[in-house]
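[1] give me coordinates for this.
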Amino acid sequence: MHKLHVRSERDLRNNFSEISKLNQQRDAVILTTRGKASHVLLSFDEFEDYEEYRHNRYLVEKIKEAESDPDARLRTHDEVWAALGEKYGV
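    Take a look at the predicted model:
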């Protein structure tokens, strides 16, 4: 993200093309209602980047949990498929 802009929801209605251009430049726009932040507008690319970041954080958290589990161990491909077959009857 390059810049952060704060605009009222009324501005979104009245100046949509200007706010859209800000998003196209990868700038975020915080919309306010009665002076309080209510929404954040991101470009789709920024949203995708944010979702990827969240997913990566989730993976790191799960890896750390698994590494701290004394009973956890790596399984071979065949062991994983055998366990899934037993569990789901395939």
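
[2] low-confidence stretches in this structure?
    Along the chain, the model assigns pLDDT under 70 to residues 1.

[3] which element is the most centrally placed residue in it on?
    With distances taken as CA atoms, centre = their mean, residue 51 lies nearest the centre of the chain, 2.3 Å away. Secondary-structure element containing residue 51, defined by DSSP states H and E: helix 44-68.

[4] after that helix, heading C-terminal, what element do we hit next?
    Helices and strands here follow DSSP H and E; after helix 44-68, the next one along the chain is helix 77-88.

[5] sorry, back to before: give me the contact list for the helix holding residue 51.
    Helix 44-68 is touched from outside by 1, 23, 26, 28, 42, 72, with contacts defined as CB atoms under 8 Å, 6 or more residues apart in numbering. C-beta coordinates here come from the backbone N, C-alpha and C atoms, glycine included.

[6] out of those, which are buried?
    Buried by 16 or more other CB atoms under 10 Å: 23, 28, 42, out of those.

[7] now the first one, nearest residue through space, not along the chain?
    For residue 23, ignoring the flanking residues on the chain, the nearest one in space by CB to CB, 6 or more residues apart in numbering is residue 43 at 4.4 Å.

[8] check contacts around the one you found.
    When the contact criterion is CB under 8 Å, 6+ apart, the partners of residue 43 are 23-24, 26.

[9] now, the most widely separated pair of the contacts of helix 44-68?
    Based on CB to CB, the longest span within the contacts of helix 44-68 runs between 23 and 72 and measures 42.9 Å.

[10] tell me which of the contacts of residue 43 fall in helices.
    Among the contacts of residue 43, the ones falling in helices (DSSP state H) are 23-24.
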